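S.K.: predicted model and sequence below, questions to follow.
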Amino acid sequence: MTFHNCYLIRWMCGLVLFTITNPVRAGFQDEQKQRTRQMAVYQDRYRELSTKYVSQLKELAVAAEQSGFSEDAIKIRQLAIPFDPSKIQTDHLPREVQPDLPGRLPNAETWRLRLQTLRQDYAEKLYLLSRQLLHADFPSAAYGLVREVAVANPDHKF
């Protein structure tokens with residue numbers, strides 16, 4: 001066997017291997033593109049939920065401040081700081097349940113009920129989104145949302 005024949009055989013083997021593995025590689029790339037698109041949809045949904053929640057909290061802070069509850073308005077504005085998933089979150093998770101609101105609130109304090117409802121609704125929507133992420137095989141993203149659920153509503157029943 002001459003050098004030329006060995007080279008030709010190697011070249012043909014390489015061509016056969018390339019032909020066999022190329023569809024596999026193409027399938028993998030298609031799957032990656034699909035997962036990227038899928039994650040983009042979930043990220044858009046999260047941004048939509050988060051933006052709406054932050055906007056509602058800011059409106060509520062104004063209402064609390066107008067009712068004379070300046071310190072509470074500051075706390076509400078702190079809740080309105082968007083969660084940044086690119087940073088390691090150091091928020092301590094609450095250790096106690098939230099106190100129940102009295103049955104009848106004075107008109108000036110009805111914002112408290114609205115705050116509680118906003119936090120519960122937001123936490124529930126995030127929890128449902130985290131379940132979708134988990135079922136779509138994005139467990140890290142799902143965990144991040146569950147952590148945010150616990151911050152938004154420490155009393156959430158998983």
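M.R.: Perfect, thanks for sending it.
S.K.: could you point out which residue ranges in this protein have low pLDDT?
M.R.: 1-28, 84-103, 105-108, 158 (pLDDT under 70).
S.K.: which stretches of it form helices?
M.R.: 3-66, 70-79, 110-135, 139-152 (DSSP state H).
S.K.: so which of those helices is nearest R104?
M.R.: Nearest to R104 among those is helix 110-135 (10.2 Å), distances taken as Cβ to Cβ. Glycine gets a C-beta too; all of them are placed from N, C-alpha and C.
S.K.: that closest one vs helix 70-79, what angle?
M.R.: 10 degrees (axes from the mean of the first three to the mean of the last three Cα atoms, to 10 degrees).
S.K.: for helix 110-135, list every residue counted as buried.
M.R.: Applying a neighbour-count criterion of 16 or more other Cβ atoms under 10 Å, one finds 111-112, 115, 118-119, 121-123, 125-127, 129-130, 132-133 buried in helix 110-135.
S.K.: okay, now A80: neighbour count?
M.R.: Per other Cβ atoms under 10 Å, the neighbour tally for A80 reads 16.
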